[in-house]
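Novice: A predicted structure for the sequence below; I have some questions about it.
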Amino acid sequence: MWIPLRAINPAVSDSLHAETIRIAGHGDDQVEAYISTSLHGETRGGVVVIHHMPGYDRSTKEIVRRFAELGYDAICPNLYYREAPGAAPDDAAATARANGGVPDERLIGDVAGAAAHLRSLANSNGKVGVIGYCSGGRQSVLAACNVDLDAAVDCYGAFVTGTPPEGFPLQVTNLVDQLPNLRCPLLGLFGNEDSYPSPEQVDELDQILTEHDKPHEFHRYDGAGHAFFSVDRPSYRVEAANDGWERIEAFYGTYLGS
Amino acid sequence: MCTYATVTTELEGSAKGPDSKWFHVTDGTVYFDHPVHAMAEHTLNIDFTDPSKGPSARVAVELTAQSARELVTAIEAALASAPEALKV
């Protein structure tokens, strides 16, 4: 006789539902999003996943499902949906890039919409965190300075602090002037061999948050550079990634748990 | 890191793209950043596109920095080898 595992252990949360939906994003625009939730509807917190610059891709959707397996309702808005609805992720990323990228104001509105959607779910405990990788790391901090969130994770986001090199044609600004407005605890995960953010820029972020009495927890990994979580890229570093996932689980367990 | 730096240019020509079909190329985007497919942390990426035909009207290449420089040299050499009268 087949017995659902949950009947044996109600804490098991790996029976998942995942689908593409539409949510109200910045300016009430209808934006595509990928969401994964528990099949059993237990009360849980939520996580907004911000995809990296290469787009709303398979690896990002795998991260969304992993958070659902870890015990959270998770959602990733497609930040490029407006420019390229229905396009392949790499084509959409190329189109968005050619059009100048994602404006900060729009990112804030899309994360706010995603967080509101998670809180509207019947099983929500009202708590929502955010996480972003690479360019999404900066956007995670940006969102945490502007949106009502309960925890934020920055995975090696460049230009949160730091001054761009002279002549660097930067199209984004750092977030130094916004950091005093950080609304929630921040977990930062960084590679010591990364140049953007460099260890010195991470030091600067640590110092600014300490000066403003903002709760934060940073972990830095030797032998890892940028994008060490990316399992399908040469930059993947298994030890850093495994430890990083454990840190994320503990951090969200503290701030997003029921 | 994501460099965010993007150089765009208008182009006039053709490219063979999705489903092995040729299309008219009107725009080029050039940037040095994370690749989607190449096994390198950063590459010189070029998108040959026709935005009027949608995001999929794109031929993408991702080259190592050294390969990109060699491509520039090769293009210059090829152009230099052709009679001026042909290059209009």
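Specialist: Yes, it's here.

Novice: alpha carbons only for contacts and neighbour counts from here, please
Specialist: Fine.

Novice: who in chain B is up against chain A?
Specialist: B:1-6, B:8, B:29, B:34-36, B:39-41, B:47, B:51, B:54-56, B:58 (Cα under 8 Å from any Cα of the partner chain).

Novice: Now restrict those residues to buried residues only.
Specialist: Neighbour counting with 16 or more other Cα atoms under 10 Å in any protein chain shown marks B:1-6, B:29, B:34-36, B:39-41, B:47, B:54-56, B:58 as buried within those.

Novice: And the helix or strand harbouring residue B:32, what does it pack against?
Specialist: Assigned by DSSP states H and E, residue B:32 belongs to strand B:22-33. Contact here means 3 or more Cα pairs under 8 Å, 6 or more residues apart in numbering or on different chains; DSSP states H and E; on that basis strand B:22-33 packs against strand B:7-16, strand B:43-49.

Novice: List the strands paired with the helix or strand harbouring residue A:19, with their directions.
Specialist: In the assignment (DSSP H and E), residue A:19 maps to strand A:16-24. Sheet partners assigned to strand A:16-24 using DSSP bridges are listed as strand A:30-38 (antiparallel).

Novice: For the partner strand, which outside residues touch it?
Specialist: Residues from elsewhere that reach strand A:30-38 (Cα atoms under 8 Å, 6 or more residues apart in numbering or on different chains): A:13-25, A:61, A:64-65, A:68-69, A:71-79, A:81-82, A:110.

Novice: State the phi and psi torsions of the closest residue in space to residue A:137 that isn't next to it in sequence.
Specialist: Excluding the flanking residues, the one nearest residue A:137 by Cα to Cα, 6 or more residues apart in numbering or on different chains is residue A:157, at 3.9 Å. The phi/psi pair for residue A:157 (degrees, to the nearest 10) reads phi -80, psi 130.

Novice: Same check on residue A:180?
Specialist: The phi/psi pair for residue A:180 (degrees, to the nearest 10) is phi -60, psi -20.

Novice: which residues touch it?
Specialist: A:145, A:209, A:212, A:214.

Novice: Now for the residues you listed: which two are most distant?
Specialist: A:145 and A:212 (12.9 Å; Cα to Cα).

Novice: okay, those two: which has more neighbours?
Specialist: Shown here are residue A:145 and residue A:212; by other Cα atoms under 10 Å in any protein chain shown, residue A:145 has more neighbours (20 against 12).

Novice: Enumerate the residues of the stretch 1-150 of chain A near chain B.
Specialist: Counting by Cα under 8 Å from any Cα, the residues of the stretch 1-150 of chain A near chain B are A:53-54, A:84, A:87-88, A:90-92, A:94-95, A:97-98, A:134-135.

Novice: Backbone torsions only: list them for whichever residue of the stretch 101-250 of chain A sits closest to chain B.
Specialist: Chain B sits closest to residue A:196 of the stretch 101-250 of chain A, with a gap of 5.3 Å, by Cα to the nearest Cα. Reported as degrees, to the nearest 10, the phi and psi values for residue A:196 are phi -140, psi 90.

Novice: got a pLDDT number for it?
Specialist: Residue A:196 is assigned a pLDDT of 89 by the prediction.
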